[in-house]
Structure formats: C-alpha cells, structure tokens
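Asks: requesting a structural model of the entry that follows:
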Amino acid sequence: MSSMVTAFWPMSATPETGQALAGPPEGADRIAWGFAHWIWSVEKVRAIAGDTTHPATFFCGGSRNFHKFLDLFDKVFVLDIDVETLNRRLDGRPNEPGFEPAERALVLRYHRNREYLPAGINVDTAYRVPSVVDDILAKLT
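Replies: Presented below is the predicted three-dimensional model:
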C-alpha cells in the first residue's frame, strides 16, 4: 500500500449538534459526562473521507456520534479485547483515561455492555500491534 491517512480528533461537544462544550454542568459526573460527549466533527470526517488522493484512510478511536457518518465508510473494524488484557493495559497507562478507579469502572461497563459500539468487523486486539495491523489489512479485501 503506497500511502494512507489516519485521522483522529475527539472533542467534547453535544452529540446532536456538534456544538463544542466547555465542560460538564455543575453537579454532573465529570467522567460519565466526558465519555458521553466524546464526539468527532462530522464535517471533518466527511472532508477526510471524501479525499480520494489517498488509497486508504483509517479513522481510529471512538465517537458517540458515529451514527452521523458511519455510512461514509466501506468497512468498520471494531477493536475488541478480553477484560483481563484490557485491565492489564490500563494498569500500565497511569496518565490515560481508564486508569483512575471511576474511569476504569465506566470503561469496564462499556466493555461489558458493548455500549457505544457500531456494528462492524470484530478484530481481536489482545495480540501485539503488528499482528492486529496485519489482521485489519488482511480484512480490507
């Protein structure tokens, strides 16, 4: 493959309108609010997905407003992992979301209930990154 673009730019915004938000309202659970308002700019997704100067474009990450642009993608890969590996990886990332106990509880709930996941091709991410990448690339055709 000659070239590809990877795009990722989350923001906290209203999932319905995309209007940026300064933060949770007073008294709201900061962690749950942040996860619920983790969205992508629909206009940016459309612009990048519509750029045909690259043979492939990968959008990485999650978004609560994926239903507004999922139809633009030829394929959707849902990265999946077993709970033990998920916990081990989060334990090793003290400066990232999911490390703190309240964040971890929410991540594990989402994982257990498969909340905020689009329908797609499941990819087991319990393996090392090169193996996961090879698996995804093999499923492109």
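Asks: all contacts plus neighbour counts: C-alpha atoms, from now on.
Replies: OK.
Asks: show me where this structure has helices.
Replies: With helices called from DSSP state H, the chain shows them at 30-36, 42-50, 83-91, 101-113, 129-138.
Asks: mean pLDDT lowest for which of those?
Replies: In terms of mean pLDDT, the lowest-scoring of the helices of the chain is helix 30-36 (a mean of 83).
Asks: any idea how far Val45 is from the closest residue to Leu79 other than its chain neighbours?
Replies: Spatial nearest neighbour of Leu79, chain neighbours left out: Val123 (4.9 Å); criterion: Cα to Cα, 6 or more residues apart in numbering. From Val123 across to Val45, the span is 22 Å (Cα to Cα, to the nearest Å).
Asks: for the most centrally placed residue in the chain, give me the pLDDT.
Replies: In the chain, the residue lying closest to the centroid (Cα atoms, centre = their mean) is Gly62, at 1.7 Å. What the model reports for Gly62 is a pLDDT of 83.
Asks: picking up where we left off before, out of the helices of the chain, which is closest to Phe69?
Replies: Nearest to Phe69 among the helices of the chain is helix 42-50; the distance by Cα to Cα comes to 6.6 Å.
Asks: got the CA coordinates for the closest one in PDB?
Replies: Extracted in PDB, the C-alpha atoms of helix 42-50 (Å, rounded to 0.1, in the frame of the first residue of the first chain):
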ATOM      1  CA  VAL A  42     -19.000  15.400  11.200                       C
ATOM      2  CA  GLU A  43     -17.700  18.000   8.700                       C
ATOM      3  CA  LYS A  44     -14.100  16.900   9.200                       C
ATOM      4  CA  VAL A  45     -15.000  13.300   8.900                       C
ATOM      5  CA  ARG A  46     -16.900  14.000   5.600                       C
ATOM      6  CA  ALA A  47     -14.000  16.000   4.200                       C
ATOM      7  CA  ILE A  48     -11.300  13.500   5.000                       C
ATOM      8  CA  ALA A  49     -13.400  10.500   3.900                       C
ATOM      9  CA  GLY A  50     -14.200  12.300   0.700                       C
END
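Asks: number of nearby residues for Arg128?
Replies: Neighbours of Arg128 under the rule other Cα atoms under 10 Å: 8.
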